[in-house]
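>>> Have a look; sequence and predicted model below, questions after that.
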Amino acid sequence: MQYQTIRLSLRDNIAILTLRRAEVMNALNTQMRAEILHAVKAAEKNARVLVLTGEGRAFCSGQDLGDGANAAHMDLERTLRDEYVPMLKAIFDCPIPTVAAVNGPAAGAGANLALACDVVIATESAVFLQAFTRIGLIPDAGGTYWLPRQMGAAKAMGAALFAEPITARQAADWGMIWEAVPDNEFEAHWQTRALKLANGPTLAYRNVKKSIRETYNHTLDEQLAIEAQLQGECGQSFDFKEGVLAFLEKRPARYEGR
């Protein structure tokens, strides 16, 4: 597929999906959402980690209110159901680790696009903004799901009601994202993080994602049973055998993702 609004590149088993509408701070339009969906599906087949980042000074400013007809007359329910949901589910359900490398402001649906990823690494100058109530809306694109789970109901409620910028440092301190990194170290840092994941135990990563996400719906007994099942799968893998052997031989493990 020939992409117009994004770029998908692959190196060292890392798929890098770059949002490329810098002139509108990488705002999401219909075409971009379709291209992100396609690129995520392609990446999970050809890479061992997926990184989402933005071109220019922003990560993503959210919904492009200039996309198509008068924004005030958009069918928001249809847009969310038919365009956002497939894109977000593709990212959330992606079997390989996903990293949002937030290079600048992430607002509205753009902030929640980042939160759909497993790990969020941001520049210290980045801000996260749940801007929805500024135009009479509620957080969407998964915001009402991810925010309370990642930083608690009290802070999620304040972020949604007041629609005030949250700095990357605040976001890290509150548990909303994984880490905030000095701007001059950002690119090298997320690349190092991504390479570590790309060279790691693929099955273990997949089962980590599954087990942690399912814990919200289970009792302790149910979760312990799931842990046992998934750990049994990992214990039969090449990666486990290689990891133990590397530990005993005091050398780096060479995982193959089998």
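Yep, that arrived.
>>> How is this protein divided into domains?
Taking automatic domain parsing as the reference, the chain has its domains at 6-198, 202-249.
>>> Would you mind finding the most buried of the ones you listed?
Highest mean neighbour count of the domains of the chain: domain 6-198, a mean of 19 (counted as mean count of other C-beta atoms under 10 Å). Yep, even glycine has a C-beta here, placed from its N, CA and C like the rest.
>>> hey, where'd the strands end up in the stretch 151-258 of the chain?
Taking DSSP state E, counting those that start in this stretch, the strands of the stretch 151-258 of the chain run over residues 166-167, 179-181.
>>> Take the ones you listed and write them to a markdown table, including distance to residue 128.
Shown next, in a markdown table, are the strands of the stretch 151-258 of the chain (distance: least, C-beta to C-beta, whole Å):
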| stretch | distance to residue 128 |
| --- | --- |
| strand 166-167 | 5 |
| strand 179-181 | 10 |
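>>> Nearest to residue 45, out of those?
Relative to residue 45, the nearest member of these by C-beta to C-beta is strand 179-181, separated by 28.6 Å.
>>> Okay, now the sheet partners of the closest one, with direction.
When pairing is defined by DSSP bridges, strand 179-181 lines up against strand 119-123 (parallel).
>>> And the helix or strand following the strand it pairs with, what does it pack against?
Downstream of strand 119-123, the next assigned helix or strand under DSSP states H and E is strand 127-129. Strand 127-129 makes packing contacts with strand 106-107, helix 109-115, strand 166-167, helix 168-174 when contacts are defined by 3 or more C-beta pairs under 8 Å, 6 or more residues apart in numbering; DSSP states H and E.
>>> Any stretches of the stretch 1-150 of the chain with poor pLDDT?
Counting by pLDDT under 70, the ranges of the stretch 1-150 of the chain that qualify are 68-73.
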